[in-house]
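S.K.: Need a 3D model of the following:
(one chain, ligands or ions: 1)
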Amino acid sequence: VALARGLRKRCPHCGRGPLFERWGRHLDRCSSCGLIYERNPGDTWFFTIIGDRIPVALAVLAIYFGVARSHRWWGVAAFVVMVALLVWTAPNRWGVGIALHYVSRVKSADPDDPVPPPEPGLSK
Ligand SMILES: [Zn+2]
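M.R.: Numbers count the residues shown, from 1 in each chain. Sure thing, here's the model as predicted:
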């Protein structure tokens with residue numbers, strides 16, 4: 001549930017508050033439930049690497065070893081489309097990164113971590 005909310009660029013805790021105020025800049029906390037998205041600067045770094053850099057690397061490798069060799073202009077076109085797609089979906093993937101970070105915080109149940117009380121009907 002939390003990951004789907006992150007993918008829709010919504011708060012992973014309540015699903016109501018937006019994650020981003022504009023493209024590429026996430027808010028400090030949820031305007032609806034008060035969840036702090038990134039407790040310490042850089043907390044979501046590891047999850048951003050998973051969600052962001054690995055797909056980019058795979059796309060680059062796929063193009064490098066695949067299409068561009070046999071069909072040069074198809075390779076260029078595929079590259080342009082893929083870059084546009086990656087840029088377009090970046091906030092969604094960052095949202096998933098924030099949601100993964102949120103899930104890890106809920107699972108670790110740190111008493112110092114200001115995660116709001118669970119919402120009714122939220123399944124992890
Ligand atoms: Zn919220």
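S.K.: the helices in this structure, which residues?
M.R.: 2-7, 45-48, 54-65, 67-70, 72-108 (DSSP state H).
S.K.: can you tell me which of those helices the model trusts least?
M.R.: Among the helices of the chain, helix 67-70 carries the lowest mean pLDDT, a mean of 61.
S.K.: for the ion, what are the nearby residues on the protein?
M.R.: 11, 13, 14, 17, 30, 32, 33, 35 (CB under 5 Å from the ion). In short, each C-beta sits where N, CA and C put it, glycine included.
S.K.: Which of these ranks first by neighbour count?
M.R.: residue 11 (29 neighbours; other CB atoms under 10 Å).
S.K.: who's in contact with it?
M.R.: Neighbouring residues of residue 11 by CB atoms under 8 Å, 6 or more residues apart in numbering: 5, 17, 18, 19, 30, 32, 33, 35, 37.
S.K.: Let me see the contact set for the second one.
M.R.: What it means is residue 17. By CB under 8 Å, 6+ apart, the neighbours of residue 17 are 10, 11, 27, 30, 31, 32, 33, 35.
S.K.: again, 6 Å this time
M.R.: 11, 30, 31, 32 (CB atoms under 6 Å, 6 or more residues apart in numbering).
S.K.: In TSV: those, plus pLDDT.
M.R.: Below are the contacts of residue 17 laid out as TSV (pLDDT from 0 to 100):
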residue	pLDDT
11	93
30	91
31	90
32	91
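S.K.: and residue 93, how many residues sit next to it?
M.R.: 19.
S.K.: would you turn the helices of the chain into TSV with distance to residue 115?
M.R.: TSV is the format used below for those (distance: least, CB to CB, whole Å):
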stretch	distance to residue 115
helix 2-7	11
helix 45-48	16
helix 54-65	27
helix 67-70	45
helix 72-108	6
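S.K.: Fine, thanks again, bye for now.
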